[in-house]
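>>> for reference, the sequence and a predicted model appear below.
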Amino acid sequence: MHVVVVGCGRVGAGLATTLEESGHSVAVIDRKAKSLERLPEGFSGRTVVGVGFDRDRLEAAGIKEAGALAAVTNGDNSNILVARVAKETFNVERVVARIYDPRRAKIYERLGIPTIATVQWATERVLQRVLPERPTAEWIDPTARVCLIERPIPAHWAGHKLGELDVAGHARVAAVTRLGEGAVAGPETVMQEGDIIHVTVGGEAIETFDRHLATTPGKGAH
């Protein structure tokens, strides 16, 4: 899929890099050529200097072939304008805009424009909108501070209790699906290979939990 990223700040550069590493073609637009230097050496996507809502600049970035666009500049008005042009003029299927003002974000959500209202964990939320098939958070609250993730139980955790997977202050197993049937889980529930766990986790701690899950029990995962 071709994705256009408008804005090459920390979030935009990180998003473009992750998308390209995932096998997608990417074009990045920023009004400052120097901002594009945030992209890593070897980035093979298109780079376009200009205002993100300019139709010519969008076309130069391949908007007509794009399956998704993320507007992540540092201006609310610019991001919304870019998102509307992408959605209404070029009929891009997946569009998301980063908004700093949470009150505005709620308004635009009602208008059908998905928004990201915080910088914290913005990349994760944008990726969820742009690549819904990507293994990631199943649900993220509006502040991006709490997520619900779904993970299969690795074989090395079979026979251990669910409570051993909890990471104090960061992650807690809330439910388990076994043989297609879901149930609210308790810390004493013994895991079986093939179980799917549903975990409430802090937005900044998903990688921490995944490392814990990948580590053999008793080896100091966290």
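Alright, I've got the coordinates.
>>> now do the longest helix seen in the chain: distance to the chain's middle.
Longest helix of the chain, by residue count under DSSP state H: helix 10-21. The chain centre lies 11 Å from the centre of helix 10-21; the measure is C-alpha atoms, centre = their mean, to the nearest Å.
>>> please begin residue numbering at 49 from this point
With the count now opening at 49, the last piece we talked about shows up as helix 58-69.
>>> where does the protein have low pLDDT?
150-151, 154, 157-158, 164-177, 179-186, 189-192, 267-270 (pLDDT under 70).
>>> show me where it has strands.
With strands called from DSSP state E, the chain shows them at 50-54, 73-78, 94-97, 116-119, 142-146, 163-164, 185-188, 194-200, 219-226, 229-232, 244-250.
>>> want to try TSV for those, with mean neighbour count and distance to G62 as columns?
The way it works is simple: take the backbone N, C-alpha and C, and place the C-beta from them, glycine included. Converted to TSV, those look like this (neighbours: other C-beta atoms under 10 Å; distance: least, C-beta to C-beta, whole Å):
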stretch	mean neighbour count	distance to G62
strand 50-54	28	10
strand 73-78	25	11
strand 94-97	18	15
strand 116-119	29	11
strand 142-146	25	12
strand 163-164	26	13
strand 185-188	16	16
strand 194-200	17	18
strand 219-226	18	23
strand 229-232	9	34
strand 244-250	19	19
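>>> okay if I get these as JSON lines plus distance to P265?
Listed next are those as JSON lines, based on distance: least, C-beta to C-beta, whole Å:
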{"stretch": "strand 50-54", "distance to P265": "39"}
{"stretch": "strand 73-78", "distance to P265": "39"}
{"stretch": "strand 94-97", "distance to P265": "46"}
{"stretch": "strand 116-119", "distance to P265": "38"}
{"stretch": "strand 142-146", "distance to P265": "38"}
{"stretch": "strand 163-164", "distance to P265": "36"}
{"stretch": "strand 185-188", "distance to P265": "24"}
{"stretch": "strand 194-200", "distance to P265": "15"}
{"stretch": "strand 219-226", "distance to P265": "14"}
{"stretch": "strand 229-232", "distance to P265": "22"}
{"stretch": "strand 244-250", "distance to P265": "14"}
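>>> using CSV, list the CA coordinates for stretch 251-263.
Provided in CSV are the C-alpha atoms of stretch 251-263 (Å, rounded to 0.1, in the frame of the first residue of the first chain):
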residue,chain,number,x,y,z
GLY,A,251,0.2,3.0,26.2
GLU,A,252,4.0,3.4,26.7
ALA,A,253,4.5,-0.2,28.0
ILE,A,254,3.4,-2.4,25.2
GLU,A,255,7.0,-3.2,24.2
THR,A,256,7.8,-3.8,27.8
PHE,A,257,5.0,-6.4,28.1
ASP,A,258,5.9,-8.1,24.8
ARG,A,259,9.5,-8.5,26.0
HIS,A,260,8.2,-10.0,29.3
LEU,A,261,6.0,-12.4,27.3
ALA,A,262,8.9,-13.5,25.1
THR,A,263,11.1,-14.2,28.1
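>>> done for today, thanks.
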